[in-house]
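> Take a look and give me a structure for this.
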Amino acid sequence: MATRHLGWSDALPRQASSANGAHATPSVLAGLRHADVATALDDGLGVFDARGTSLECNAVLRRLLATPDATAQPRLTDVRLLDEAGRDLPLEQSPFGLARETGQPVPGTVVGLGSRHGADTRWVRMAALPQTAPDGSPLVVVICSDVTAERDAVLALVTAERRLRLTAEHAPIGIALVGTDGALLDVNDALCRLLGYSREELTARTFHDITHPDHRAADVAEIESLLAGEAETYRLEKVYLTRDGREVWAQLSVALARDEQGEPQYFISMIEDISAQRAATTALDHRASHDQLTGLPNRTLLLERADAALQRAEWNRGHVALLFCDLDEFKLINDSRGHAAGDAVLVETALRLEQCIRDADTAARLGGDEFVVLCEGLSGRTEVENVAQRLIDTLTEPMSRAGGITMTVSIGVAFAEPGITAAELLRNADAAMYLAKTSGRDRYALFTPHLVEQATERLDLEHQLRDAMRTEALFLDYQPVRRLSDGTVLSYESLVRWQHPTRGLLGPASFLPIAEASDLVLELDRYVLPRACAAAVAWGDRLDAPSVSVNVSARHVGRGRLPGLVARVLRDTGLAPQRLVLELTETALLGMTPTAQAELDTLVHLGVRLAIDDFGAGYSSLKHLVDVPASFVKIDRSFVAAMGESEASTAVVSAVISLCHALGVSVVAEGIEEEPQRGLLSSLGCTYGQGYLLGRPGRIDLTSLSHAG
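Alright, predicted model coming up:
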């Protein structure tokens, strides 16, 4: 028998009959044709035989099954079925297959309908209803609702949620969801690591539990602002407490999540560890306000604290004082022992200052060898003078960290007067310190108003001295050095003079100390040396022409530049090197450094002769006679003046002369003013002399090269 083509009326359930076989009164829906209903549906509807071949289907199902030929009957076997996870789904396990095998309806199940030709997969919710054809063969009615868009949206949401969860879990900063009651609802691993808690431990706590008590109030105020709708987010830096009690600085950023009705749900908190940044900032702040070598406050911080102390003194009528401390002859330590020893002295000085003062006081380093102590809450001047003396006593003890070096210190003390500024108070203490220096060092001096005038005069004089060198207002006088036996001139010592526009003629004692206090003396050396050499050239070039002696500052020795300066001057002036004598004081030679020794050796190799000036004045060391390649030693005038009254002085002079003769060094006695002095020196074997008896400083008469003064 040929298979009859079945239509919708055969496949779908028929109308119910009455008990007597007559049809019941049809409803409105019953009056509709099944084909019309199938066509009007938005869902796919089809009738399939047991092999999965469609006997009838609407256009929607044909599209879902991707059947291109409108005349062909769709077959489920031509479709690649997928389960909800995207895995291949055998036909017998699909809703169609289950309904066919069990004879029971199968509710809607999500199934993927993929083409075996690579077309896009459509996702449907498939339901299956088993039926029986008039000939008794099994049929299955399949209903498919297209849920592709719905499923894609759900998958996108799931993917986004998963991505968000992974982002939170793997974020380098801590993230927490915090309830409006402060409870920690959820946290990520980064926050657990930061605070040292497990997730379970943290979610059993509130944000108050992990916040430092000093920071809770600020947090609560910001939270109230969020809940009131006054702000959408807030950010602040706060301290969290870890599980082991450590404090961790973090930057907290918080937003409030609300539902569709605008009701607060929970806070989203992001916690970033800024401990390293805070430490770096603190270190930079400390570096900007503290001395790097000693760790003491620097000038900036000192002035800030002094300003604050002065304000407090105005309120409570207290006393404030500054003690300006300057280490005496500190440069000698650097030059003789090296900068490492100098640094050790500065460090130990800082430590001793801190040990000497009260907790409320401040010890600061301004730079170099300058330190300042700020004292407030003093009972009066007597107390601060006691502090000054205690500092002197402490700082003059041998310094163990610096190899036992013993230092002295000069201290200037200034008291705050009403209305004074911190900068003015510091200036006053500096002026008093200068007075202590000029009064003999190793002492303290109190500020008095006239010291400011003196300091101003010194500063003005320094500026005027610079102008004098630019305008050639400085000139040279020359004092002869003669052979004691016959008065023959060996050389002339150049002595700088200043024709001041208002103060008249000034000798070296009026301005050299000011120049020596700074590198201005280097400029002065560079001014004098070429003029003295040019003058010597004018004296003639015969073999017995006198030499010229030029004093060189101790600041010039050890810098590595002196030989180059001398060589340039000799080249530019044409003076023979052997006619130049450079006079160096013992201070310049104290503790010869390798650089200084190399400089002196280079000068001697150039042909220049060296003289040790003021020998015996303060830092006498016989070692200088061995280490320094000197041609002359000039005995200080203080020994010459005392020879007639002191046998000891005479013995010292005699010993120096004998030693120099043994070493092949010529001796010049300075400050000869009386004939008995010359006679005694000659009898002791001294070869040369210098002093008013032998010739006063003055100009040179070029016609006879005799002394004109």
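
> Following the chain past the helix or strand harbouring residue 550, name the next helix or strand.
Following DSSP states H and E, one finds residue 550 within strand 547-551. Sequence-wise, the next helix or strand beyond strand 547-551 is helix 562-573, with elements assigned using DSSP H and E.

> Give me the distance from that next one to the chain's centre.
43 Å (Cα atoms, centre = their mean, to the nearest Å).

> can you tell me the average pLDDT over that helix?
For helix 562-573, the mean per-residue pLDDT is 94.

> which other residues reach the helix or strand just after that helix?
Note on helix 562-573: by DSSP H and E, the next helix or strand toward the C-terminus is strand 580-585. Strand 580-585 has contacts (Cβ atoms under 8 Å, 6 or more residues apart in numbering) with 491, 493, 533, 536, 547-552, 554, 557, 566, 570, 603, 608-614, 617, 628, 631-632, 634. C-betas here are computed from N, CA, C, even on glycine.

> Would you mind getting the angle between strand 580-585 and strand 547-551?
30 degrees (axes from the mean of the first three to the mean of the last three Cα atoms, to 10 degrees).

> Show me what strand 580-585 pairs with in its sheet, parallel or antiparallel.
strand 547-551 (parallel), strand 609-615 (parallel) (DSSP bridges).

> tell me the angle that strand makes with helix 562-573.
150 degrees.

> Offset the numbering so it begins at 50, please.
Understood, numbering begins at 50; the last thing we discussed is strand 629-634.

> Any buried residues in strand 629-634, and which?
Neighbour-count burial for strand 629-634 flags 629, 630, 631, 632, 633, 634 (criterion: 16 or more other Cβ atoms under 10 Å).

> rewinding a little: dump the strands paired with strand 629-634 to JSON lines, plus mean neighbour count and distance to residue 714.
Below are the strands paired with strand 629-634 laid out as JSON lines (neighbours: other Cβ atoms under 10 Å; distance: least, Cβ to Cβ, whole Å):
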{"stretch": "strand 596-600", "mean neighbour count": "24", "distance to residue 714": "15"}
{"stretch": "strand 658-664", "mean neighbour count": "23", "distance to residue 714": "9"}
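
> do you know which of the ones you listed lies nearest residue 390?
Residue 390 lies closest, by Cβ to Cβ, to one member of those: strand 658-664, at 24.1 Å.

> circling back to that earlier point, quick one: contacts of the strand holding residue 599?
Contacts of strand 596-600 (Cβ under 8 Å, 6+ apart): 527, 530, 539-543, 577-578, 581-582, 584-585, 588, 624, 627-632, 658, 660, 662.

> Just the buried residues of these.
So, by 16+ other Cβ under 10 Å, the buried ones in these are 527, 530, 539-543, 577-578, 581-582, 584-585, 588, 624, 628-632, 658, 660, 662.

> looking at the protein, which helix or strand is least sure?
strand 755-756 (a mean of 43; mean pLDDT, DSSP states H and E).

> Identify the residue nearest the geometric centre of this structure.
Centroid-nearest residue in the chain: residue 333, 4.3 Å away (criterion: Cα atoms, centre = their mean).

> Which strand or helix spans it?
Judged by DSSP H and E, residue 333 forms part of helix 324-338.

> I'd like the next helix or strand past that helix.
helix 348-365.

> now that next one, how far from the chain's geometric center?
26 Å.

> Tell me which of the strands paired with strand 629-634 sits nearest to residue 570.
Nearest of these (Cβ to Cβ): strand 596-600, 10.2 Å.

> gap between the two ends of stretch 306-317?
Its first and final residues considered, stretch 306-317 spans 7 Å by Cα to Cα, to the nearest Å.

> which parts of it are buried?
Those would be 315, 316, 317, for stretch 306-317 by 16+ other Cβ under 10 Å.

> can you put the residues you listed in CSV and add secondary structure and pLDDT?
Shown next, in CSV, are the buried residues of stretch 306-317 (DSSP: H, G, I helix; E, B strand; the rest coil; pLDDT from 0 to 100):
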residue, secondary structure, pLDDT
315, strand, 91
316, strand, 92
317, strand, 91
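
> Output those in TSV; the columns should cover distance to residue 724.
Formatted as TSV, the buried residues of stretch 306-317 follow (distance: Cβ to Cβ, whole Å):
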residue	distance to residue 724
315	109
316	104
317	104
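
> Out of those, which is nearest to residue 271?
residue 316 (10.2 Å).

> Residue 695: what's it in contact with?
Per Cβ under 8 Å, 6+ apart, neighbours of residue 695: none.

> Tell me the spacing between it and residue 328.
For residue 695, the distance to residue 328 (Cβ to Cβ, to the nearest Å) stands at 66 Å.

> just residue 540 next, same as before
For residue 540, the distance to residue 328 - Cβ to Cβ - is 65 Å.

> Helix or strand next in line after the helix or strand where residue 179 lies, which one?
Using DSSP H and E, residue 179 sits in strand 171-181. Remark: after strand 171-181, the chain's next helix or strand is strand 187-195, criterion DSSP H and E.

> I'd like the next helix or strand past that following strand.
helix 197-219.
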